[in-house]
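Peer 1: got a sequence here, can you build the structure:
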Amino acid sequence: MMQKYAGGRITQADVSDFVFKDFLHGRLTYLHWNKGKEMAPTISEQGGTLLVRKLPDPTKAFVGDVVVLKDPETLDNFLVRRLAAIEGYEMVSSDEKDEPFVLEENQCWVLADNENLKPQEARDSRILGPVSMMNIVGRVVYCLRTAVDHGPVQNSHPSSRMDSPVLEVELDIDEMANNHKA
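Peer 2: Alright, predicted model coming up:
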């Protein structure tokens, strides 16, 4: 995003920030639009512009994180869900007919935040089953619901610590607002 400078002055800090973000390091984040009731109240049903931290290594996602993942049924689409369990976790159903099972290597369990939805409506692991960790492409770190309703997304403590410096450098509310589709 191009910044506007009063009187044409660019400070050394502005130049350093631009060089660090865009040339030396590249962006660690991207914007993603999400709409639907699955992640309410974290993300508004009317939609939200999300700042997503890229995760080239999906093992850097932790239980409790809101993640963007490739839809296992349609790989051209993406889902936003909360990571509920990872490999080694024992999964026990509330339905007594279902046998407990343990998530295998590189498998995870993702759930919608909206507890009022039936599994069919939520399209999460209750319907999809275990999902490959390799489907995770990023972690949602910030959500802009409206121009006055925005803030960091509640993720796991380790992720919040790792993402804090990224938010300081790459969060640009004006850019998010300009890309907001609501």
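Peer 1: buried ones in the longest helix anywhere in the chain, by neighbour count?
Peer 2: Longest among the helix segments of the chain by residue count, using DSSP state H, is helix 157-170. Buried residues in helix 157-170, counted by 16 or more other Cβ atoms under 10 Å: 159-160, 162-163, 166, 170. Yep, even glycine has a C-beta here, placed from its N, CA and C like the rest.
Peer 1: so, low pLDDT: which residues of the chain?
Peer 2: For the chain, the stretches with pLDDT under 70 are 1-25, 182.
Peer 1: helices of that one, start to end?
Peer 2: 12-18, 119-122, 125-128, 157-170, 173-178.
Peer 1: ok, now which ones touch residue 48?
Peer 2: 33-35, 143-145, 182 (Cβ atoms under 8 Å, 6 or more residues apart in numbering).
Peer 1: gap between the nearest residue to residue 37 once chain neighbours are set aside and residue 170?
Peer 2: Leaving out its chain neighbours, the residue that sits closest to residue 37 by Cβ to Cβ, 6 or more residues apart in numbering is residue 45, at 4.5 Å. Separation of residue 45 from residue 170 (Cβ to Cβ, to the nearest Å) stands at 27 Å.
Peer 1: before we move on, what about residue 65?
Peer 2: Distance, residue 65 to residue 170, using Cβ to Cβ: 17 Å.
Peer 1: still on that earlier bit, in this structure the residue nearest to residue 37 contacts residue 36, no?
Peer 2: Yes - between residue 45 and residue 36 there is a contact under Cβ atoms under 8 Å: 6.8 Å.
Peer 1: between the two, tell me which one has more neighbours.
Peer 2: Under the criterion of other Cβ atoms under 10 Å, the comparison of residue 45 against residue 36 puts residue 36 first, with 19 against 14.
Peer 1: beta partners for the residue positioned nearest the centre of the chain?
Peer 2: Central residue of the chain (Cα atoms, centre = their mean): residue 140, 2.3 Å from the mean position. Counting by DSSP bridges, residue 140 is bridged to residue 52.
Peer 1: verify the stated contact: it with residue 68.
Peer 2: Yes - look at residue 140 against residue 68 with Cβ under 8 Å: they come within range, at 6.5 Å.
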